[in-house]
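> What would the 3D arrangement of this be:
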Amino acid sequence: MMELTTEIKGYIDKSVLCWLATVSAEGIPNVSPKEIFNYDGFDNIIVANIASPQTVRNIKHNQNVCISFIDILVQKGYQIKRKAVIVKKMDQEYPAMEKILTDMTGGNFPFGTITKIRAEQIRPIIAPRYQLYPETTETEQIESAKKAYGL
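Numbering: from 1, shown residues only. Modelled structure (predicted):
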């Protein structure tokens with residue numbers, strides 16, 4: 001297993017959404033945006049299963065997942081792959097994870113299970129502009145993104 005570095009945690013903190021990719025028992029891929037996600041004290045990424053019946057069903061049949069998140073202005077982030085586990089209310093680790101996620105929602109988005117992912121493969125996501133134009137600074141990228149998004 002791999003450690004969630006301070007840099008990776010920083011990108012999680014700055015990301016508004018993440019995208020969780022799963023595969024059904026029939027081999028059909030599904031990508032679902034998740035708004036309530038964070039990390040716990042044990043290098044796990046945790047995701048509240050708010051309106052996620054397909055995600056939960058897929059993980060029960062095939063635990064292989066990929067989760068991606070980026071800072072939309074800097075246009076950098078990470079892709080993480082690993083087997084996921086569905087944590088239920090009766091599980092010993094649930095209350096601590098629930099508190100982290102409930103603190104984010106203020107209790108406004110109820111959830112009954114949590115998807116837990118421990119990184120096995122980590123790959124940075126970097127906007128092509130940084131590679132095509134290596135002199136690009138993050139400040140320039142932020143300004144470009146603000147213009148593109150009308151911010």
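> longest strand of this structure?
What stands out as the longest strand in the chain, according to DSSP state E, is strand 76-88.
> What is it packed up against?
If contacts are counted by 3 or more C-beta pairs under 8 Å, 6 or more residues apart in numbering; DSSP states H and E, strand 76-88 sits against helix 6-14, helix 53-61, strand 64-71, helix 94-105, strand 113-118, strand 121-126. The C-beta positions use only the backbone N, C-alpha and C, and glycine is treated the same way.
> angle of that strand against helix 53-61?
80 degrees (axes from the mean of the first three to the mean of the last three C-alpha atoms, to 10 degrees).
> coming back round to it: what's the closest of the helices and strands packed on strand 76-88 to V31?
Among those, strand 64-71 comes nearest to V31, with 8.6 Å by C-beta to C-beta.
> Pairing partners for the closest one, with directions?
Each strand paired with strand 64-71, and its direction, by DSSP bridges: strand 18-23 (antiparallel), strand 76-88 (antiparallel).
> As TSV, those strands with distance to D43, mean neighbour count and mean pLDDT would be great.
Output for the strands paired with strand 64-71, formatted as TSV (distance: least, C-beta to C-beta, whole Å; neighbours: other C-beta atoms under 10 Å; pLDDT from 0 to 100):
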stretch	distance to D43	mean neighbour count	mean pLDDT
strand 18-23	16	21	97
strand 76-88	11	19	96
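> okay if I get those as JSON lines plus distance to D40?
Output for the strands paired with strand 64-71, formatted as JSON lines (distance: least, C-beta to C-beta, whole Å):
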{"stretch": "strand 18-23", "distance to D40": "15"}
{"stretch": "strand 76-88", "distance to D40": "10"}
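> quick one: which of the ones you listed is nearest Y11?
Of all the strands paired with strand 64-71, strand 76-88 sits nearest to Y11, with 4.9 Å by C-beta to C-beta.
> May I have that closest one exported as CSV, CA atoms only?
Taking Å, rounded to 0.1, in the frame of the first residue of the first chain, the C-alpha atoms of strand 76-88 are listed here in CSV:
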residue,chain,number,x,y,z
LYS,A,76,-3.3,19.2,-11.3
GLY,A,77,-4.4,16.3,-9.1
TYR,A,78,-4.1,12.5,-8.7
GLN,A,79,-5.5,9.3,-10.0
ILE,A,80,-5.5,6.4,-7.4
LYS,A,81,-6.3,2.8,-8.1
ARG,A,82,-7.0,0.0,-5.6
LYS,A,83,-9.6,-2.4,-4.4
ALA,A,84,-12.4,-0.6,-2.5
VAL,A,85,-14.3,-1.8,0.6
ILE,A,86,-17.8,-0.8,1.6
VAL,A,87,-17.8,0.2,5.3
LYS,A,88,-21.2,-0.3,7.0
